[in-house]
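Engineer: here are the coordinates; sequence isn't available:
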């Protein structure tokens with residue numbers, strides 16, 4: 001009989017909750033050493049230009065200025081800023097500083113001075129002459145005949161064998177065909193062919209990018225940074241500065257939000273080189289405007305979608321063609337557009353599947369990793385078209401989804417065809433409770449109310465929409481995580497791991513996994529994470545991997561330590577290991593005649609007999625990427641006079657396997673949903689004709705706050721994923737993908753107007769209503 005979990009599945013308090021609530025110094029700005037120098041950057045005012053001359057002599061002579069960095073005095077090493085596994089699937093198209101600037105907000109020169117004010121004054125004294133070039137501001141113009149080439153430097157290349165055509169402004173291409181979508185469309189009883197588009201958005205973490213570097217007495221450099229990927233930071237900075245990896249130590253303290261934008265290496269090279277050259281600590285924090293313009297964004301993607309079905313509602317073909325705007329650099333270009341297909345196309349069974357993804361360079365802000373990572377963009381197309389197709393067939397869209405969605409024991413050819421820069425991994429679905437998610441969510445939202453005619457009259461009209469979703473858990477056969485555990489004399493354990501807690505509570509979740517496997521309590525697990533000198537390697541927090549990948553490493557390690565405890569206890573009790581059982585931090589004979597505590601075992605191993613340290617290390621690489629599933633439902637009210645859309649109620653039913661910490665899983669879901677509602681309704685980048693962002697402030701770029709939050713109900717639908725730690729899958733990304741299609745479908749249900757481009761601002765909706 002399966003043992004009931006004592007720690008896993010319980011909403012224990014976050015291990016850092018009290019410290020955070022009390023305002024303890026835990027973030028990068030709290031830890032800056034006294035006497036640190038400050039960085040200010042001169043950013044490009046032009047979307048596309050060559051630097052013909054740069055004169056920093058006046059700036060260098062100004063009070064407090066210690067160093068000015070620019071393309072003429074730093075290493076010229078092509079690299080990517082994308083924090084991905086090596087060799088990265090992103091092009092090496094970036095230099096620390098370059099003689100060409102490619103978007104408004106690109107680096108020109110950095111000033112390092114005693115105070116921020118002195119650094120800013122010196123930035124204003126730098127004299128730069130530019131040869132202004134024609135800019136590409138529309139992704140449809142990127143590969144046209146005669147278009148200006150954005151990356152014409154000879155060093156640019158991709159470190160893995162994937163299509164890359166910088167001479168055509170193509171940063172990535174990917175594609176696959178199973179059967180024939182054209183034949184399926186021709187033979188279909190019903191078919192649809194539409195184009196959908198999603199927009200630029202920024203992650204807007206409360207804490208912008210921030211880092212400092214400090215020289216150590218032994219000649220090494222310690223970088224303390226708000227990052228999701230400390231080990232990738234170490235490797236890429238060593239590459240960029242042409243120094244040994246061993247010269248760098250990277251520490252990640254607490255992070256004030258990441259959401260993918262801190263999977264990028266954007267500040268650490270400047271502060272590290274500044275510390276090396278000045279022998280002083282160097283500190284740099286982005287302003288909010290810099291975060292909007294010069295950090296990273298969600299890739300805008302235009303998706304042409306085709307679907308075919310029989311008259312009884314069986315999908316016979318799905319074709320998806322994505323055009324992604326990667327901006328001025330190709331960070332995550334291939335993998336985001338690839339995931340637009342790989343995370344949504346398997347959701348519905350089909351014998352004919354087509355996909356192409358093209359990511360193009362433009363002279364606009366740079367795309368990067370953002371929670372949802374491609375699936376957010378393509379979910380709008382897939383889930384809106386499913387609704388349209390069901391309507392054309394005269395079917396309830398809920399029933400259409402139930403009839404066609406993938407189920408446990410089934411597979412999709414997409415899993416093998418689309419990987420991360422190489423072929424994917426063939427896999428069948430282990431755990432899937434999407435049917436239950438759909439039914440429970442529909443009941444909670446009141447699905448049967450959606451057709452009431454009295455809700456579709458007058459100025460204010462209400463409607464209900466839904467979306468079905470799937471994502472993934474880690475990048476199989478590519479990413480690795482590791483953990484180590486050692487036992488202390490009082491029966492407590494040190495858990496060291498490279499996994500990165502972004503505020504998601506992963507330190508707590510992984511501590512719970514260790515405690516469960518060791519049959520102890522969470523307070524006996526002392527967690528230390530994300531220090532490249534002290535903790536084992538981990539790729540970091542991305543790709544919905546931490547619980548599934550890093551959690552498996554923690555469980556494997558804990559199981560090894562558990563065996564060591566039993567072996568020592570057996571010698572103490574003069575019996576065989578098989579005669580013992582562990583429970584509640586005690587080892588006892590199964591016949592109940594004798595027992596020893598964990599403290600007794602640890603002390604005995606260290607001081608009494610066969611002295612040794614009880615402890616171990618484990619690494620883990622995943623061999624599949626089991627999808628979490630979810631069904632989202634939105635009820636909206638549309639003001640037909642103004643176009644304003646108000647979300648009245650939102651329900652998210654999610655199958656994430658075993659929820660290791662249910663409250664944290666609910667918190668992740670509700671936070672992602674609110675993020676997605678904000679993305680759907682209010683967030684947008686506004687550019688002028690020269691590619692300058694016009695609304696780079698929270699005054700003019702509206703994000704939802706708790707004051708805007710509608711009622712959000714999370715329903716955790718338990719399943720058991722046998723390949724995950726204690727049955728767990730991922731939960732933190734899938735939740736952001738639902739609002740944009742669910743709200744679009746709800747607006748249609750309320751008004752009869754179908755929206756194909758986001759965001760659904762009041763102006764956009766009003767114009768669509770006016771056009772009928």
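Structural biologist: Sure, I can see it. A quick note: this is a predicted structure, and the numbers were derived from the prediction, not measured. Numbers count the residues shown, from 1 in each chain.
Engineer: tell me where the longest strand sits in the protein.
Structural biologist: Ordering each strand of the chain by length in residues (DSSP state E) puts strand 315-327 first.
Engineer: run me through the strand neighbours of it, direction for each.
Structural biologist: Using DSSP bridges, the strands paired with strand 315-327 are strand 301-309 (antiparallel), strand 353-361 (parallel).
Engineer: show me what whichever helix or strand comes after it is in contact with.
Structural biologist: Once strand 315-327 ends, the next helix or strand along the chain (criterion: DSSP states H and E) is helix 333-342. Here helix 333-342 makes contact (CB atoms under 8 Å, 6 or more residues apart in numbering) with 84, 89-91, 162, 171-172, 174, 176, 299, 301, 303, 320, 322, 324, 326, 355, 357-359, 367, 369, 373-375, 377-378, 414-415, 418-421, 424, 472. Yep, even glycine has a C-beta here, placed from its N, CA and C like the rest.
Engineer: these in strands, which ones?
Structural biologist: If you go by DSSP E, the contacts of helix 333-342 have 171-172, 174, 176, 301, 303, 320, 322, 324, 326, 355, 357-359 in strands.
Engineer: returning to what we had before: would you mind finding the most buried of the strands paired with strand 315-327?
Structural biologist: Across the strands paired with strand 315-327, the average number of neighbours (mean count of other CB atoms under 10 Å) peaks for strand 353-361, which reaches a mean of 26.
Engineer: just want the angle from that strand to helix 333-342.
Structural biologist: Angle, strand 353-361 to helix 333-342, by axes from the mean of the first three to the mean of the last three CA atoms, to 10 degrees: 150 degrees.
Engineer: report the rounded mean pLDDT for strand 353-361.
Structural biologist: Mean per-residue pLDDT for strand 353-361: 98.
Engineer: select only the buried ones of the contacts of helix 333-342 in ChimeraX?
Structural biologist: A single ChimeraX command is used to select the members of those judged buried by 16 or more other CB atoms under 10 Å:
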select :84,89,90,91,162,171,172,174,176,299,301,303,320,322,324,326,355,357,358,359,367,369,373,374,375,377,378,414,415,418,419,420,421,424,472
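Engineer: show me what the helix ranked longest in the chain is packed up against.
Structural biologist: Identified as the longest helix of the chain according to DSSP state H is helix 551-573. The contact analysis (3 or more CB pairs under 8 Å, 6 or more residues apart in numbering; DSSP states H and E) places helix 551-573 against strand 480-487, strand 493-497, helix 506-518, strand 580-583, strand 586-589, strand 595-597, helix 598-607, strand 615-621.
Engineer: of all the strands paired with strand 315-327, which one is nearest residue 290?
Structural biologist: strand 353-361 (21.5 Å; CB to CB).
Engineer: circling back to that earlier point, what angle sits between the longest helix of the chain and strand 615-621?
Structural biologist: Angle between the axes of helix 551-573 and strand 615-621 is 150 degrees (criterion: the same axes, to 10 degrees).
Engineer: can you give me the buried ones in helix 551-573?
Structural biologist: 551-558, 560-562, 564-570, 572-573.
Engineer: need the contact list for residue 427.
Structural biologist: Contact analysis of residue 427 by CB under 8 Å, 6+ apart lists 411, 415, 476, 624, 625, 626.
Engineer: pretty sure the fourth one is in a helix, no?
Structural biologist: No - counting by DSSP: H, G, I helix; E, B strand; the rest coil, residue 624 is not part of a helix but coil.
Engineer: tell me the confidence at it?
Structural biologist: Predicted confidence (pLDDT) for residue 624: 95.
Engineer: ok, now which ones touch it?
Structural biologist: 425, 427, 430, 476, 723.
Engineer: ok, now with 10 Å
Structural biologist: Residue 624 sits next to 415, 425-430, 472-474, 476-477, 548, 721, 723-724 when contact means CB atoms under 10 Å, 6 or more residues apart in numbering.
Engineer: quick one: which of these is nearest to residue 452?
Structural biologist: Checking those against residue 452 by CB to CB gives residue 429 as the nearest, at 36.0 Å.
Engineer: what about residue 464, how many residues nearby?
Structural biologist: 26 (other CB atoms under 10 Å).
Engineer: tell me the SS of the residue nearest to it when sequence neighbours are not counted?
Structural biologist: The shortest distance from residue 464 to any residue other than its chain neighbours is 3.9 Å, reached at residue 450 (CB to CB, 6 or more residues apart in numbering). Secondary structure, three-state DSSP: residue 450 is helix.
Engineer: now do residue 450 against residue 748, distance only.
Structural biologist: Per CB to CB, to the nearest Å, residue 450 is found 11 Å from residue 748.
Engineer: the two - which one has more neighbours?
Structural biologist: Neighbour totals were compared for residue 450 and residue 748, and residue 450 leads with 23 against 19 (other CB under 10 Å).
Engineer: surely that one and residue 396 touch.
Structural biologist: Yes - between residue 450 and residue 396 there is a contact under CB atoms under 10 Å: 9.4 Å.
Engineer: pull up the overlap in contacts between these two.
Structural biologist: With contacts taken as CB under 10 Å, 6+ apart, the residues that reach both residue 450 and residue 396 are residue 442.
Engineer: spatially, which two of the contacts of residue 427 are the most separated?
Structural biologist: 411 and 476 (13.8 Å).
Engineer: give me the common contacts of those two.
Structural biologist: With contacts taken as CB under 10 Å, 6+ apart, residue 411 and residue 476 have 426, 427 as neighbours in common.
Engineer: these two: which is more packed in?
Structural biologist: residue 476 (24 against 14).
Engineer: next, that one: phi, psi?
Structural biologist: Per-residue torsions, residue 476: phi -70, psi 140 (degrees, to the nearest 10).
Engineer: ok, it to residue 134 distance?
Structural biologist: Per CB to CB, residue 476 is found 43 Å from residue 134.
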